[in-house]
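here is a sequence together with a model predicted from it:
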Amino acid sequence: MEKQLLIMGMAGSLRKGSYNRALLRAGVELVPDEARLEIFDLEGIPPFNQDQENSPPERVREFKSRLKAADAILFATPEYNYSIPGVLKNAMDWASRPQGDNVLQDKPAAIMSTSTGMLGGARAQYHLRQSMVSLDMHPVNKPEVMVTFAPQKFDENGKFTDEKGREVVKLLLKALIDWTRKLQR
């Protein structure tokens, strides 16, 4: 039997009632037994400062250590102004610096998003993919998980109740696991 993979999930939103955080929590419920999904909260990561990249704050060191230990990364990102939120971009900047210490390099990754509108975060996902190219990450291409009209698909407790959507999240997690195993060979 192969070892259980560790997937580190992060939401690009700091809002307590974030639909993307709720989507990550659904991922924890839906991940196949051959992996576990641990969520890292980006709260407390300070703005990137190149003057500190060689001696980053403790929260950044913890973040990078957790990323390094993970076999794969799962992003859940809202879309802000047609792109990814600053908090997610900031975290990726810290994770990839200083030069020669990019803990995202060669990491398999998957993206999912949800929004209150009809595009479900599609534009943010495409911008995140562009950053992944620069960081030499290896994203899963399909399925694409873009949950539209979020208020109708999450209950008052933040549980993702859309059965079709839950199935697609399961498929994405399975694809990420398979992709990660393939890249590890």
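Yes, it's here.

what about Phe75, which SS state?
strand (DSSP: H, G, I helix; E, B strand; the rest coil).

need the per-residue pLDDT for the residue lying closest to it once chain neighbours are set aside.
Closest residue in space to Phe75, ignoring its immediate chain neighbours: Ile111 at 4.8 Å, by CB to CB, 6 or more residues apart in numbering. (C-beta placed from N, C-alpha, C; glycine too.) Listed pLDDT for Ile111 reads 98.

test my guess that Ile111 contacts Ser131.
No. Using CB atoms under 8 Å, Ile111 is not in contact with Ser131; the gap is 10.7 Å.

neighbour-wise, which of those two wins?
More crowded of Ile111 and Ser131, by other CB atoms under 10 Å: Ile111, with 25 against 17.

now do the contacts for the most centrally placed residue in the chain.
Nearest to the geometric centre of the chain sits Phe75, at 1.2 Å (CA atoms, centre = their mean). Counting by CB atoms under 8 Å, 6 or more residues apart in numbering, Phe75 touches Gly9, Met10, Gly12, Leu88, Ala109, Ala110, Ile111, Met112, Leu128.

what's the host helix or strand of the residue nearest to Phe75 packed up against?
Secondary structure from DSSP states H and E places Ile111 in strand 108-114. On a contact count with 3 or more CB pairs under 8 Å, 6 or more residues apart in numbering; DSSP states H and E, strand 108-114 meets helix 19-30, strand 72-76, helix 122-135, strand 138-139, strand 145-147, helix 163-184.

partners of it in the sheet?
strand 72-76 (parallel), strand 138-139 (parallel), strand 145-147 (parallel) (DSSP bridges).

now the angle from the first one to helix 19-30?
If I follow you right, that is strand 72-76. Inter-element angle recorded for strand 72-76 and helix 19-30: 140 degrees (by axes from the mean of the first three to the mean of the last three CA atoms, to 10 degrees).

so how far is stretch 144-158 from its chain's centroid?
17 Å (CA atoms, centre = their mean, to the nearest Å).

what comes up buried for it?
Val145, Met146, Val147, Thr148, Ala150, Lys153, Phe154 (16 or more other CB atoms under 10 Å).

what's the answer for stretch 4-14, then?
Leu5, Ile7, Met8, Gly9, Met10, Ala11, Gly12, Ser13.

please apply the same query to stretch 121-129.
Buried-residue list, stretch 121-129, by 16+ other CB under 10 Å: Gly121, Ala122, Arg123, Ala124, Gln125, His127, Leu128.
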